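[1] I'd like to go over a predicted model; first the sequence, then the structure.
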Amino acid sequence: MISINNLSVSFGGFTLFDQVNFHINDSDRIGLVGRNGSGKTTMLRIIAGVVTPSSGQIQLPGDLTIGYLPQEMDFDKDKRVIDAALEAFSHVKELEDVIARLNFEVADRTDYESEGYHKLLVRLNDATERLSLYTSFNPMAQAEKVLTGLGFHRNELERDRGELSVGWNMRVELAKVLLRSPDILLLDEPTNHLDIESIKWLEEYLSGFRGALILISHDRRFLDVITNRTVEIMLGKIHDYKVPYSRYKELRKERFEQQRAAFDNQQKLIEKTEEFIERFRYKATKSNQVQSRIKQLDKLERIEIEEEDNSALNLRFPPAPRSGQVVVKAEGVAMSFGPKRIFSDVNLIIERGEKIAFLGRNGEGKTTFMRLVTKELLPVAGSITLGHNVSMGYYAQNQEELLDKEDTVLGTLDKVAVGDVRTRLRDILGAFLFKGEDVDKKVKVLSGGERARLAMAKLILKPYNLLALDEPTNHMDLISKDVLKRALQSYEGTLILVSHDRDFLDGLADKVFEFKDGTVREHLGGLSDFLSRKNISTLEQLEDPGPGLQINDNRREELSENLKSEGALSYLQQKEAEREQKRKRSKIEKCEEEIGALEKKIMEIERLLSANDNRVSLPQTLEEYGLLKETLDKKLEEWEKLHD
């Protein structure tokens with residue numbers, strides 16, 4: 001269907017693609033993979049006709065329709081959501097005009113037996129069949145179906161796009177692309193702003209899509225579900241694997257191992273041959289053999305090891321001044337937007353050095369609470385206070401969108417850097433893979449992943465002792481995610497994370513706050529402990545409310561009305577429930593104080609025992625130690641029951 005021949009792209013003396021060749025067939029579902037900045041987005045833009053290559057050709061049928069979802073888009077802010085989605089059907093009018101013109105040409109021709117007349121009839125028939133397909137359904141109903149599948153509820157379809165965030169506007173653009181039903185879909189990071197339910201809906205939709213698909217995504221599971229072919233871009237070259245992503249990773253490893261083994265064997269052969277030539281070069285009796293070996297070497301096709309892109313993000317957060325023991329304290333916090341309650345009566349404490357994960361379904365208030373902590377929002381009740389000497393760095397979901405598009409990479413840091421760090425800006429950018437002429441690029445030409453790295457580079461210019469990171473790995477490639485995770489594991493300050501990425505959170509967070517049904521519940525232990533107690537294995541299961549409980553945005557009003565008709569809790573019952581919750585919280589706090597005191601005593605005894613002090617009565621101390629451990633176990637059981 002599409003043929004890419006000898007494609008090269010160069011700019012500023014840098015070669016992005018070098019004589020690239022590959023083909024896209026009608027039924028291909030391709031995952032386009034590679035490091036951030038390797039050229040994945042550029043390849044999609046070339047296929048979509050947005051960018052012209054330096055050399056080479058893209059051959060595609062003249063009547064091929066392409067649906068392209070870029071990472072960024074311009075849109076009419078005054079247009080309603082539903083009207084924007086219906087723009088997807090504007091080509092129906094164009095198709096009607098084409099059919100009218102073809103009918104006129106057919107009526108005007110008399111060469112009924114000619115090849116040209118036959119081709120004209122075929123074009124007319126194809127156009128008529130396509131129009132019949134488009135007019136066989138109700139465009140309004142189809143638009144509503146796709147928009148609600150992507151997370152909108154019906155009363156939002158009349159809103160102006162200017163009232164929506166960038167993430168929700170991306171969903172509108174995705175809806176337009178899907179509604180157009182093109183022959184080939186080009187999707188650049190379509191899941192970045194989607195919640196779990198919307199991702200599942202998109203997976204089902206794309207699984208039933210009958211055209212070709214090229215997808216850029218850093219979501220391993222999404223790639224495995226959707227794709228059947230993986231095309232890797234690495235250092236300007238294409239490596240094509242006819243398998244999904246996970247299998248590609250295995251084959252890629254095997255390819256490098258085989259290549260290395262073949263290279264090593266050939267090097268041994270070359271070394272032995274050269275040794276023979278040097279040893280017997282001047283012996284007349286061996287001259288024929290020497291000449292034969294020289295010719296053998298000249299004819300040998302040398303094996304070259306493909307240069308692997310091993311550049312890595314070597315990231316370390318600077319040491320920060322010590323904060324007080326209590327870093328964040330929330331007391332009786334409630335938040336709502338208009339009549340919609342997000343959560344209420346939230347009481348929590350985050351202490352110095354803790355690494356916290358906020359988990360829960362989309363819409364339960366994780367990002368909202370993060371914005372309360374950062375003072376972007378004010379609660380409708382209660383208070384959130386930061387502790388003594390707390391300095392906070394905040395990475396928002398749309399952090400990379402807040403960068404000045406006209407500024408350069410170096411200029412972005414130079415504007416915020418102060419003191420001696422100004423002399424190290426190029427070194428810092430080098431750690432974030434901006435090297436050489438990269439630092440002079442304008443922000444507007446950077447990929448989504450490069451902007452995310454630049455935003456993170458801004459964050460480390462100041463020594464914060466509290467990092468609040470909301471979906472920090474969006475747009476980041478898999479290697480950069482791993483390096484960022486290692487840097488955060490060694491970070492000595494306090495960390496608050498919102499993320500849907502289990503691989504990223506596992507082994508990083510040491511405590512979980514679960515946002516569910518308007519409350520926030522604390523869970524000691526990391527992600528694996530949390531999922532184990534929930535008897536689930538994935539964050540998708542946590543965010544999936546299950547059959548019959550699809551409490552997403554387009555159902556909340558319906559459920560609210562049902563509650564009213566069935567009779568909600570009376571005012572007195574609500575007050576009693578609130579008092580019971582406060583009593584329970586008081587018991588939990590008392591229990592936690594007792595646990596802390598017991599742990600402190602146990603640590604003191606362990607210190608005495610390890611000191612081998614002769615003045616310590618060993619039998620008596622061991623007996624006391626055993627009793628304290630037994631009491632601690634009972635208190636921990638009591639604490640767990642209070643959380644049931």
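    Done, it's in. Numbers count the residues shown, from 1 in each chain.

[2] relative to Val92, how far out is Tyr132?
    Just so we're on the same page, residue 132 is Ser rather than Tyr. Going from Ser132 to Val92 by Cβ to Cβ, to the nearest Å gives 11 Å. Placement of C-beta: from N, CA and C, glycine included.

[3] swap in Glu129?
    Glu129 sits 13 Å away from Val92, taking Cβ to Cβ as the criterion.

[4] compare these two (neighbour count), which wins?
    More crowded of Glu129 and Val92, by other Cβ atoms under 10 Å: Val92, with 14 against 9.

[5] give the helix, strand or coil label for that one.
    The three-state label for Val92, taken from DSSP: H, G, I helix; E, B strand; the rest coil, comes out as helix.

[6] again with Val346
    strand.

[7] count of neighbours near it?
    For Val346, the count of nearby residues is 25 (other Cβ under 10 Å).

[8] which residues are in contact with it?
    For Val346, the contact set (Cβ atoms under 8 Å, 6 or more residues apart in numbering) comprises 330, 332-334, 369, 382, 519-520.

[9] what of Leu164?
    The neighbourhood of Leu164, defined by Cβ under 8 Å, 6+ apart, consists of 81, 172.

[10] backbone dihedrals for it, please?
    The phi and psi torsions at Leu164 (degrees, to the nearest 10) take the values phi -100, psi 160.

[11] tell me how far it lies from His218.
    From Leu164 over to His218 (counting by Cβ to Cβ), the distance is 24 Å.

[12] what about the strands in the stretch 101-250 of the chain?
    Counting by DSSP state E, counting those that start in this stretch, the stretch 101-250 of the chain has strands at residues 184-188, 212-216, 229-234, 237-241.

[13] nearest to Ile277, of those?
    When these are ranked by proximity to Ile277, the top entry is strand 237-241, at 34.1 Å, counting by Cβ to Cβ.

[14] show me how the record splits the protein into domains.
    If the domains of the chain are taken from automatic domain parsing, they occupy 2-248, 326-391+463-566, 405-461, 571-642, with pieces of a single domain joined by a plus sign.

[15] if we can go back for a sec, between the contacts of Val346, which is nearest His500?
    Within the contacts of Val346, proximity to His500 (Cβ to Cβ) peaks at Phe369, which comes in at 15.8 Å.

[16] mind listing what the closest one touches?
    Residues counted as contacts of Phe369 (Cβ under 8 Å, 6+ apart) are 333, 335, 343, 346, 358, 515, 520.

[17] 7 Å - rerun?
    Neighbouring residues of Phe369 by Cβ atoms under 7 Å, 6 or more residues apart in numbering: Phe358.

[18] wait, is it part of a helix?
    Yes. When the secondary structure is assigned by three-state DSSP, Phe369 falls within a helix.

[19] quick one: it from Lys200, how far?
    With Cβ to Cβ as the criterion, Phe369 and Lys200 are 25 Å apart.

[20] ok, Lys601 next?
    50 Å.

[21] next one: Leu627
    Separation of Leu627 from Lys200 (Cβ to Cβ) stands at 52 Å.

[22] also Asn125?
    With Cβ to Cβ as the criterion, Asn125 and Lys200 are 38 Å apart.

[23] compare neighbour counts for these two and give me the winner.
    Neighbours of Asn125 and Lys200, each counted by other Cβ under 10 Å, are more numerous for Lys200; the result is 16 against 11.

[24] so can I have a markdown table of the strands of the stretch 101-250 of the chain showing mean neighbour count and mean pLDDT?
    Formatted as a markdown table, the entries for these read as follows, by neighbours: other Cβ atoms under 10 Å; pLDDT from 0 to 100:
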| stretch | mean neighbour count | mean pLDDT |
| --- | --- | --- |
| strand 184-188 | 23 | 93 |
| strand 212-216 | 23 | 94 |
| strand 229-234 | 21 | 91 |
| strand 237-241 | 17 | 90 |
